[in-house]
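**Student:** Build me a structure from this.
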Amino acid sequence: RPSPEEALQWRDSLEKLLQNSYGLASFLTFLRSEFSEENAEFWVACEDYKKTKSPVKMAEKAKKIYEEFIQTEAPKEVNIDHFTKAVTMKNLVDPSPTSFDMAQKRIFALMEKDSLPRFVRSEFYQELIK
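**Tutor:** Sure, this is the predicted structure:
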């Protein structure tokens with residue numbers, strides 16, 4: 001469990017929150033309670049994808065991420081604009097560690113602007129800073 005001081009830093013830094021395993025778990029639990037966990041799950045999947053070395057594994061993961069989060073009517077479709085979706089689809093013709101970067105940045109910005117402030121106001125977070 002993080003110290004209240006550590007948890008307090010998350011108010012101003014989604015990056016610090018997502019890099020802390022306890023913070024990420026708390027954030028995901030909160031988002032699940034609101035039925036909006038797909039953005040954080042997509043971000044985590046992208047982070048995992050970027051660490052993949054094998055081109056074969058990378059192609060498999062790219063396909064899975066696309067089917068789960070990007071394609072229209074995907075089970076956990078993330079809210080990205082048409083342009084970002086098109087760029088991402090183009091990048092997936094030849095998957096590389098940066099294939100999802102634009103979409104991931106958009107989703108990060110969305111979470112920072114929308115989900116983080118709600119999380120900070122939530123009981124989940126208030127308990128952590130006591």
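**Student:** quick one, helices of this structure?
**Tutor:** 4-9, 14-19, 21-33, 38-50, 55-65, 82-91, 101-110, 116-121, 123-128 (DSSP state H).
**Student:** The fifth one - contacts with which helices or strands?
**Tutor:** Secondary-structure packing of helix 55-65 (3 or more CB pairs under 8 Å, 6 or more residues apart in numbering; DSSP states H and E): helix 38-50. C-betas here are computed from N, CA, C, even on glycine.
**Student:** Can you tell me which helices and strands the helix it packs on packs against?
**Tutor:** Helix 38-50 packs on helix 14-19, helix 21-33, helix 55-65, helix 101-110, going by 3+ CB pairs under 8 Å, 6+ apart.
**Student:** Looking at these, spot the one closest to residue 46.
**Tutor:** Taking CB to CB, helix 101-110 is the member of these nearest to residue 46, at 4.3 Å.
**Student:** got the CA positions of the closest one in PDB?
**Tutor:** What follows is helix 101-110, C-alpha atoms only, in PDB (Å, rounded to 0.1, in the frame of the first residue of the first chain):
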ATOM      1  CA  ASP A 101       1.400   5.300 -29.900                       C
ATOM      2  CA  MET A 102      -1.100   7.800 -31.300                       C
ATOM      3  CA  ALA A 103      -4.200   6.000 -29.900                       C
ATOM      4  CA  GLN A 104      -2.400   5.500 -26.600                       C
ATOM      5  CA  LYS A 105      -1.600   9.200 -26.300                       C
ATOM      6  CA  ARG A 106      -5.200  10.100 -27.100                       C
ATOM      7  CA  ILE A 107      -6.500   7.700 -24.400                       C
ATOM      8  CA  PHE A 108      -4.000   8.900 -21.900                       C
ATOM      9  CA  ALA A 109      -5.100  12.500 -22.500                       C
ATOM     10  CA  LEU A 110      -8.800  11.400 -22.100                       C
END
